[in-house]
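Asker: Sequence and predicted model, in that order:
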Amino acid sequence: MQGTVKDFDASTRSGSVLLDDGTELPFDGEAFAAGGLRLLRLGQRVNLAMDGDRISVVTLSTFPLPSP
């Protein structure tokens, strides 16, 4: 699944993304850390892995998602 970064707080490493249908989903610092990133920019395109209704991984669209 892909989305676009809407908000990102570098101190908590959490934020939210907008899916292509306009749905906003929050992510926490744990999901950010799982993607191996150091920073996100607003408007940046990202890949998302879900665990139920929670984002479990956020990474750049050019990076592969980690294997489950």
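Answerer: Thanks, I have the structure now.

Asker: Is it correct that residue 2 is in contact with residue 47?
Answerer: Yes: counting by C-beta atoms under 8 Å, residue 2 touches residue 47, with 5.7 Å between them. In this view, the C-beta of every residue, glycine as well, is placed from N, C-alpha and C.

Asker: Who has more neighbours out of those two?
Answerer: Neighbour comparison, residue 2 and residue 47: the larger count goes to residue 47, with 17 against 11 (by other C-beta atoms under 10 Å).

Asker: distance of the more buried one from residue 22?
Answerer: Counting by C-beta to C-beta, to the nearest Å, the gap from residue 47 to residue 22 is 18 Å.

Asker: what residues are up against the residue nearest the centre of the chain?
Answerer: Nearest to the mean C-alpha position of the chain, by C-alpha atoms, centre = their mean, lies residue 58 at 3.1 Å. For residue 58, the contact set (C-beta atoms under 8 Å, 6 or more residues apart in numbering) comprises 17, 27, 31-32, 34-35, 37, 40, 46-48.

Asker: One more: residue 66?
Answerer: Neighbour list for residue 66: 34-35, 49, 57, 59 [criterion: C-beta under 8 Å, 6+ apart].

Asker: Run through the helices of this protein in chain order.
Answerer: Using DSSP state H, the helices assigned to the chain run over residues 29-34.

Asker: quick one on the thing from earlier: how about the contacts of residue 58, which pair is most distant?
Answerer: Using C-beta to C-beta, the contacts of residue 58 span at most 14.4 Å, a distance reached by 17 and 34.

Asker: Show me which of those two is the more surrounded one.
Answerer: Taking neighbours as other C-beta under 10 Å, residue 17 and residue 34 compare with residue 17 leading, 24 against 18.

Asker: how close does that one get to residue 2?
Answerer: Residue 17 is 9 Å from residue 2, by C-beta to C-beta.

Asker: This completes my enquiry, with thanks.
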